[in-house]
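*Asks:* make a model of this:
(chains A and B)
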Amino acid sequence: MKQLIQATIAILLISGALLYTTKLLNVSGGKTGKDILTIYNWGEYIDPDLLKAFEKETGIHVIYETFDTNEAMLTKIEQGGTAYDIAVPSEYIIEKMREDDLLIPIDHSKIPNLKNLDPYFLNLPFDPHNKYSIPYFWGTVGVVFNPEFVDGTDFDSWQDLWNPDFKRQVFLVDSAREVVGMGLNSLDYSLNSKDDHQLAEAEAKLTTLAPNVKAIIGDEITQLMVNNEAHIALTWSGQAADMLSENEALDYAVPQEGSNLWFDNIVIPKTSKNVEGAHQFINFMLSAEAGAQNADYVGYSTPNDAALALMDPEVVNDERFYPDEEQRDTLEVYKNLGPTYIGIYNELFLRFKMAIR
Amino acid sequence: MQTKTSKGALFPYVIWIALFVIAPIALVGYYSLLDLQGNFSLENYKTFFSSIYLKMTLSSFWYAFLVTFFALLISYPTAYFLTKTKYKHLWLLLIIIPSWINLLLKTYAFIGIFGLFGPINAVIEMFGLPAQQILFTDISFVFVSVYIFIPFMILPIFNALDKLNPTLIDASRDLGASSLTTFRRVILPLTMDGVKSGIQVVFIPALSLFMITRLIAGNRVITLGTAIEQQFLVTQNWGMGSTIAVFLILFMVIIMLVTGQKNKGGRIR
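*Replies:* Numbers count the residues shown, from 1 in each chain, chains lettered A, B, ... in the order given. From the prediction side, this is the model:
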């Protein structure tokens, strides 16, 4: 017992001393709440050198955390445990966060670099006048395929996925809205459909895809496609760009029936303790140089016109990743479906997963 | 007169159990009674008894059974022969060490090993056969799960075998029992407790495996764990997620009762 008490006291003393030292270190570094910026972003979604450059330029210390689904991010911000100053949600979640009063309005006068952005990406229905969000990246959902193995199929139509020659050849991304949306699009329905008949039809249609599905997985798709483990994958354009840069044989297409056009925007959540620093960060990321460097690193499509001018013209003129406005008009943006239909979409996806065994 | 002080010493444990055992279970039970709008209802329980969740429960049980069965099949002989070796604790350590490596890392390694261009297919092709699809099959799922759980199965069985008094085996042989009879009538009954706790520590987590179902089985195997993850993180239907969790807890209680140690008055001693 005596030893136990001694040990406990020793541990308490040591942790106390450590706590005190870190406090001293922080004070000597001049770090107070105002000099810290906590960023909450998707994994692999920023060039880390830019974070260092931002720290050097402003003296603000950046804490960087990542999430892998919009919903996981939303849950954490709703709970408010961490003081996130910057987050990068997708459009339908921004709509929800706006409704739930989770965002701080952005002061446009503090972001002069806003002029660099393509007006096409401003003032969109999910956030009129960009009161709460600033465009970060955008992209599409489509099919990555290896032309050497698909016998001339160009995936101009979703129907090509159903080709009986592609038995156990197709990877699907593990995300309900993308897969159910693909099923709806293949029937020429809207991917925001709230019509139970259309959803039932889409489910029946998806179930017939089961023999062609090889696996439903997440970020692992990139490496597996690069290694030619399968020859067809349903995924996001940015992930496709990653695959294409590592395996030049691959190609990417967005089927004509329509698909998803998505936007990830920067927001300042209500949890922010450094609103001033958050504005500085947004302005920093919107500069032509930072935008170009970031788009180069991440591989997704940037809404930053000034940055496009600095980038490799071969990338910028690639219509697979920078479709022109006419093509974009055939695409649809996700709407917030509300809890009931989010539930219905997910149950549908779960039943589909059960069917592919 | 000792009782008073010992009760005082129990106090921190009572707090601990109340906060970290009873409260979470109560919360899970409470959330399971809420529907999406936050009203009290038995809606979630009704959904659970729909065909999709029952099918999922059956498939979870089937795979957990397979994993436990093969883990036991491999672990018992391994543990038995371990106790016969000279440096048994060293060998045991070598078997335990892989369990110090993060589960996810081990799982990712198998993606490479089982891949179309991985070492296993390289061997298959050496014999002139075409490359096989190993990744994203039931077999690879069961294989990787068994591999991960083997150390947890070996440990309790090894301990039980190690504690076994060797004179009992000598006595059995002296009385004319064959090796098989000795094993069946002496060794196995005396190590049954080790086997039971091995089954508990493997079967229960195997019921709710979910990372491996995605990484190795490509979501071709769906367990209750997958459904819980999806309900909480994607659908944000905490009620339904909790309901599935309630049933998992119930199943675990049942398994504990079935495999529980019955105290048959000093049978081992």
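*Asks:* so A:Thr75 sits right up against B:Val234, yeah?
*Replies:* No. Using C-beta atoms under 8 Å, A:Thr75 is not in contact with B:Val234, being 10.4 Å away. C-beta here means a position set from N, CA and C on the backbone, and glycine is covered the same way.
*Asks:* who has more neighbours, these two?
*Replies:* Higher neighbour count among A:Thr75 and B:Val234: B:Val234, with 22 against 15, using other C-beta atoms under 10 Å in any protein chain shown.
*Asks:* give me phi/psi at the more buried one?
*Replies:* Backbone dihedrals for B:Val234, given as degrees, to the nearest 10, come out at phi -100, psi -60.
*Asks:* with the one 10 residues further on instead?
*Replies:* Here the main-chain torsion angles of B:Ile244 (degrees, to the nearest 10) amount to phi -60, psi -40.
*Asks:* touching, it and B:Ala227? I think so.
*Replies:* Yes. Contact criterion C-beta under 8 Å: B:Ile244 and B:Ala227 qualify, at 5.5 Å.
*Asks:* find residues that contact each of the two.
*Replies:* Common contacts of B:Ile244 and B:Ala227 (C-beta atoms under 8 Å, 6 or more residues apart in numbering or on different chains): B:Tyr53.
*Asks:* what residues does chain A have near chain B?
*Replies:* A:69, A:71-72, A:74-75, A:168, A:171, A:174, A:176, A:214-218, A:220, A:223-224, A:227-229, A:339-340, A:342-343, A:346-347, A:350-351, A:353-354, A:356-357 (C-beta under 8 Å from any C-beta of the partner chain).
*Asks:* give me the below-cutoff pLDDT ranges for chain A.
*Replies:* The model of chain A has pLDDT under 70 over residues A:1, A:22-33.
*Asks:* could you pull out the helices for it?
*Replies:* Under the criterion DSSP state H, chain A contains helices at A:2-28, A:48-58, A:70-79, A:91-99, A:176-186, A:196-207, A:220-226, A:237-246, A:275-286, A:288-298, A:305-310, A:313-316, A:325-328, A:338-355.
*Asks:* please name whichever of these is nearest to B:Ile187.
*Replies:* Closest to B:Ile187 of the helices of chain A, according to C-beta to C-beta: helix A:2-28, at 39.8 Å.
*Asks:* can you tell me which of the helices of chain A is most buried?
*Replies:* helix A:176-186 (a mean of 23; mean count of other C-beta atoms under 10 Å in any protein chain shown).
*Asks:* for B:Phe152, which non-adjacent residue is closest in space?
*Replies:* B:Val201 (4.8 Å; C-beta to C-beta, 6 or more residues apart in numbering or on different chains).
*Asks:* count of residues packed around the one you found?
*Replies:* The burial count for B:Val201: 17, using other C-beta under 10 Å.
*Asks:* so it sits right up against B:Ile150, yeah?
*Replies:* No. Using C-beta under 8 Å, B:Val201 makes no contact with B:Ile150, being 11.4 Å away.
*Asks:* measure B:Gly218 to chain A for me?
*Replies:* 2 Å (C-beta to the nearest C-beta, to the nearest Å).
*Asks:* leaving out sequence neighbours, find the closest residue to that residue.
*Replies:* Nearest residue to B:Gly218 in three dimensions, chain neighbours excluded: A:Ala215, at 2.3 Å (C-beta to C-beta, 6+ apart).
*Asks:* distance to B:Leu116 for the helices of chain A - can I get that in JSON lines?
*Replies:* As requested, the helices of chain A are arranged in JSON lines below (distance: least, C-beta to C-beta, whole Å):
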{"stretch": "helix A:2-28", "distance to B:Leu116": "49"}
{"stretch": "helix A:48-58", "distance to B:Leu116": "33"}
{"stretch": "helix A:70-79", "distance to B:Leu116": "32"}
{"stretch": "helix A:91-99", "distance to B:Leu116": "37"}
{"stretch": "helix A:176-186", "distance to B:Leu116": "24"}
{"stretch": "helix A:196-207", "distance to B:Leu116": "26"}
{"stretch": "helix A:220-226", "distance to B:Leu116": "9"}
{"stretch": "helix A:237-246", "distance to B:Leu116": "16"}
{"stretch": "helix A:275-286", "distance to B:Leu116": "40"}
{"stretch": "helix A:288-298", "distance to B:Leu116": "29"}
{"stretch": "helix A:305-310", "distance to B:Leu116": "38"}
{"stretch": "helix A:313-316", "distance to B:Leu116": "31"}
{"stretch": "helix A:325-328", "distance to B:Leu116": "34"}
{"stretch": "helix A:338-355", "distance to B:Leu116": "23"}
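*Asks:* what's the closest of these to B:Phe251?
*Replies:* Between B:Phe251 and the helices of chain A, the tightest spacing by C-beta to C-beta is seen for helix A:338-355, at 19.1 Å.
*Asks:* contact partners of stretch A:142-159?
*Replies:* A:160-161, A:163, A:165-166, A:169, A:182, A:185-186, A:225, A:228, A:231-235, A:237, A:239-240, A:243-244, A:247, A:249-257, A:259, A:320.
*Asks:* give the contact list for B:Thr182.
*Replies:* Contacts for B:Thr182 (C-beta under 8 Å, 6+ apart) come out as B:Ile169, B:Ser172, B:Arg173.
*Asks:* could I get those as CSV with neighbour count, distance to chain A and secondary structure?
*Replies:* Listed next are the contacts of B:Thr182 as CSV, based on neighbours: other C-beta atoms under 10 Å in any protein chain shown; distance: C-beta to the nearest C-beta, whole Å; DSSP: H, G, I helix; E, B strand; the rest coil:
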residue, neighbour count, distance to chain A, secondary structure
B:Ile169, 17, 41, helix
B:Ser172, 18, 45, helix
B:Arg173, 14, 47, helix
